[in-house]
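In: sequence and computational prediction follow.
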Amino acid sequence: MENSDQSIHGTWKGRWTFILAATGSAVGLGNIWKFPYMAGDNGGGAFVLIYLACICFIGIPIMIAEITIGRRGRNSPVNTMKKLSLEAQTTPYWTLLGLAGAVAGLLILSFYSVAAGWAIAYIFSAFNYSDSSVVTSTFDSFLASPGKLIFWHSVFIVLTIAIVARGVIEGLEVWISKLMPLLFILLVFLCLYSMQSGAFLEGLSYLFKPDFTKITGSVILAALGQAFFTLSLGMGAIMAYGAYMPSKQSIIYTAFSVASLDTLVALLAGIAIFPIVFANGLSPSGGPGLVFITLPLAFSSMPLGALFGIVFFVLLSIAALSSSISLLEPSVAWLVESLKFKRKTAALILGTIAWSLGLLSALSFNLLSEFKLFGRNFFDLTDFFTNQIMLPLGGIFIAIFVGWVMKKDSILEELSIKENILYKIWIFILRYVAPFLVAVVFIGYFL
Ligand code: PHE
């Protein structure tokens with residue numbers, strides 16, 4: 001294939017750039033904000049167990065597949081799918097997979113940005129909450145203010161647009177490589193704090209002791225969706241980044257590193273948060289506000305808590321930014337390649353679309369809270385539809401494309417491996433196991 005080491009957006013020269021960027025995309029609100037509250041809403045241990053199984057048996061194999069497609073195609077997901085379907089001499093309709101991913105990215109960005117706005121707003125919190133009722137009512141009254149939510153949502157989208165407009169990652173490498181380890185250390189520190197909260201074991205057993213009676217179709221679907229969401233899979237983010245990955249790097253090694261780090265961060269967040277939940281008599285199923293209630297409470301009661309609180313929410317906001325840019329990148333790269341837009345213009349137009357949709361999500365906590373479809377407000381609806389439907393479907397089509405459509409030689413060449421037993425297991429998972437499991441989960445849920 002011609003010019004196999006270049007995309008028009010450049011490749012990342014640094015050895016670590018791809019791993020950093022992909023980890024930056026994966027680690028974000030999904031780990032620290034969403035994972036704990038999803039676990040809490042879905043009964044704890046059983047959810048966590050299914051989530052971990054989905055990461056191992058579906059997530060990692062699909063992540064390898066998605067990077068492989070991206071690097072082979074060296075274009076935006078839309079054009080990559082076009083190019084690879086030509087290479088595999090099959091129908092060009094596979095391009096739709098890239099297109100659906102770009103749309104999913106914008107939809108996710110629209111509500112992601114609202115929640116990321118909360119994280120930025122909490123940097124300026126005073127962290128002197130006397131008890132759980134004060135911190136809860138502060139969060140509730142924050143949500144009740146359309147002006148505040150829209151303001152912080154706008155701040156976050158503007159930052160996202162500004163970074164993507166300049167070209168993803170240039171300059172961001174330093175931030176990610178320095179600040180992510182710091183976030184990690186802070187989480188470990190919070191876990192230590194939780195140990196002496198008085199309810200550490202209760203928190204741990206809630207998180208890790210599965211109560212199998214809690215498993216339902218919707219718990220399984222939630223865990224599956226969360227696995228895709230947290231690994232940034234199924235919508236082209238990892239595919240778009242794969243396009244900038246140098247050919248010599250190992251895709252398999254990278255996928256395992258990114259997935260392990262991501263999972264570790266989510267588990268640490270859970271271990272930090274649930275003991276605080278129980279120690280303060282809060283309900284684990286507190287919904288999207290869980291992190292914004294438990295952690296400020298913890299910061300309020302520790303020495304130098306205000307400082308730790310500020311640093312924590314700064315780092316969380318940056319982690320969210322390094323994820324949001326990967327939500328915008330696939331559609332921007334496509335407009336730049338195919339419609340010859342300037343990067344700046346493309347980022348501005350698409351970012352504004354996500355921002356407008358996000359207004360509805362922001363308002364769904366106050367002015368539009370009565371407006372519900374299938375029992376969900378706009379924020380929950382977008383979240384559900386993208387994470388639990390679009391991402392798993394996208395992921396399955398990625399699995400099918402690599403498992404059934406791509407030529408074996410192309411795959412082996414990208415992965416720089418021989419056709420060994422691990423390769424055969426992986427292809428078997430992509431061909432049969434992953435599509436079958438996702439189909440069963442969908443059918444189970446909708447029946
Ligand atoms: N994985 C990111 C997080 O956990 C969210 C994300 C989803 C980013 C899909 C890109 C694509 O916060």
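Out: Now that the structure is in, tell me what you want to look at.
In: check what pLDDT Pro284 gets.
Out: Note for Pro284: predicted pLDDT of 95.
In: confirm it sits in a helix?
Out: No. Under DSSP: H, G, I helix; E, B strand; the rest coil, Pro284 sits outside any helix and is assigned coil.
In: skipping adjacent residues, who's closest to it in space?
Out: With sequence-adjacent residues excluded and distances taken as CB to CB, 6 or more residues apart in numbering, Pro284 is closest to Gly40, at 3.7 Å. From N, CA and C alone the C-beta is placed, and that goes for glycine too.
In: contacting residues for the one you found?
Out: Counting by CB atoms under 8 Å, 6 or more residues apart in numbering, Gly40 touches Phe274, Val277, Ser283, Pro284, Ser285, Gly286, Leu290.
In: and the gap between it and the ligand?
Out: Separation of Gly40 from the ligand (CB to the nearest ligand atom, to the nearest Å) stands at 17 Å.
In: where does that residue sit, in terms of helix or strand?
Out: For Gly40, the element it lies in under DSSP states H and E is helix 35-41.
In: get me the contact residues on this structure for the ligand.
Out: Applying CB under 6 Å from any ligand atom, one finds that the chain approaches the ligand through 25-26, 28-31, 108, 229-230, 232, 235, 237, 323, 326-327.
In: name the member of these with the most neighbours.
Out: For these, the largest number of neighbours (other CB atoms under 10 Å) sits with Met235, at 33 neighbours.
In: which one of the residues of the chain next to the ligand is nearest to Leu357?
Out: Distance to Leu357, by CB to CB, is smallest for Ile108 among the residues of the chain next to the ligand, at 10.3 Å.
In: contact partners for that closest one?
Out: Taking CB under 8 Å, 6+ apart as the test, what Ile108 contacts is Phe229, Met235, Leu327, Thr382, Thr386, Asn387.
In: thinking the third one is in contact with Tyr112, fair?
Out: Yes. In terms of CB atoms under 8 Å, Leu327 counts as a neighbour of Tyr112; the distance is 6.5 Å.
In: now the closest residue to the ligand within the chain: how far from Tyr423?
Out: Nearest residue of the chain to the ligand: Gly30, at 2.0 Å (CB to the nearest ligand atom). Distance check for Gly30 against Tyr423: by CB to CB, to the nearest Å, it reads 29 Å.
In: next one: Pro296
Out: 48 Å.
In: out of these two, which sits in the busier spot?
Out: Legend: neighbour count by other CB under 10 Å for Pro296 and Tyr423, higher for Pro296 (23 against 16).
In: what's the closest non-adjacent residue to that one?
Out: That would be Val135: by CB to CB, 6+ apart, it lies 5.4 Å from Pro296.
In: distance from the chain centre to whichever strand or helix holds that neighbour, please.
Out: Using DSSP H and E, Val135 sits in helix 132-143. Relative to its chain's centre, helix 132-143 lies at 26 Å (CA atoms, centre = their mean, to the nearest Å).
In: how about that helix: buried residues?
Out: Ser132, Val135, Thr136, Thr138, Phe139, Phe142, Leu143 (16 or more other CB atoms under 10 Å).
In: what's it packed up against?
Out: Helices and strands touching helix 132-143, by 3 or more CB pairs under 8 Å, 6 or more residues apart in numbering; DSSP states H and E, are helix 146-166, helix 290-300.
In: need the winner for burial among the ones you listed.
Out: Among the helices and strands packed on helix 132-143, helix 290-300 has the highest mean neighbour count (mean count of other CB atoms under 10 Å), at a mean of 25.
In: CA atoms of that helix as PDB?
Out: Extracted as PDB, the C-alpha positions of helix 290-300 are listed here (Å, rounded to 0.1, in the frame of the first residue of the first chain):
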ATOM      1  CA  LEU A 290     -21.800  10.700  43.100                       C
ATOM      2  CA  VAL A 291     -18.200  12.000  42.600                       C
ATOM      3  CA  PHE A 292     -19.200  15.600  43.100                       C
ATOM      4  CA  ILE A 293     -20.700  14.800  46.500                       C
ATOM      5  CA  THR A 294     -18.300  12.200  48.000                       C
ATOM      6  CA  LEU A 295     -15.000  13.700  47.100                       C
ATOM      7  CA  PRO A 296     -15.700  17.300  48.100                       C
ATOM      8  CA  LEU A 297     -16.900  15.900  51.400                       C
ATOM      9  CA  ALA A 298     -13.600  14.000  51.800                       C
ATOM     10  CA  PHE A 299     -11.500  17.100  50.800                       C
ATOM     11  CA  SER A 300     -13.500  19.100  53.400                       C
END
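In: average pLDDT across the next helix or strand after it?
Out: Beyond helix 290-300 on the C-terminal side, the first helix or strand identified by DSSP H and E is helix 305-338. Across helix 305-338, pLDDT averages out at 96.
In: mind listing what's buried in helix 305-338?
Out: Buried residues in helix 305-338 (16+ other CB under 10 Å): 305, 308-337.
In: what's around Ala354, how many residues?
Out: By the criterion of other CB under 10 Å, Ala354 has 25 neighbours.
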